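*Asks:* No sequence on hand, only this structure:
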Ligand code: DQA
């Protein structure tokens, strides 16, 4: 199974600031991953606690890779960071917007040091790039 995790406010994609995040809904973004990878399980939640709990479950439910857009938690959630670190599978962090070209608080990701690949600023295409990165990482691990 490939876990596609979305954090707070990403449930609002489609109508949330389309000039920054594009017009695709979270389901449409997950569909981009599904088109490239079999066995995708999508989890979207506003709560840090439930996201952490989902990552804990991924340690023993057959999850082979994680693609995560943690939303604003990216920038400050050490709990999410630690939960990702616990997972020994390939991990890809993805952001729709170019976080480095926005407010200064978005330039730093506490998650990046514990993932294999970070993709930022490629919009919806970033999810295809994330899927390809996950597939390549899985291939490399055999
Ligand atoms: C985001 C970037 C974050 O800074 C922001 O808080 C989001 C979305 C992105 O996909 O560009 O919610 O992760």
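*Replies:* Perfect, I can see it now. What you are looking at is a predicted structure, and each value in this text was computed from that prediction instead of being measured.

*Asks:* residue contacts, residue 129?
*Replies:* Residue 129 makes contact with 94, 119, 122 under the criterion Cβ atoms under 8 Å, 6 or more residues apart in numbering. Backbone N, C-alpha and C define where each C-beta goes, glycine included.

*Asks:* pretty sure residue 101 contacts residue 95?
*Replies:* No. With contact defined as Cβ atoms under 8 Å, residue 101 and residue 95 do not form a contacting pair (11.2 Å).

*Asks:* Settle it for me: which of those two has more neighbours?
*Replies:* Under the criterion of other Cβ atoms under 10 Å, the comparison of residue 101 against residue 95 puts residue 95 first, with 22 against 10.

*Asks:* need the contact list for the closest residue to that one other than its chain neighbours.
*Replies:* Among residues not flanking residue 95 along the chain, residue 120 sits closest, at 4.2 Å (Cβ to Cβ, 6 or more residues apart in numbering). Contacts for residue 120 (Cβ under 8 Å, 6+ apart) come out as 94-95, 97-100, 126.

*Asks:* Thanks a lot, catch you later.
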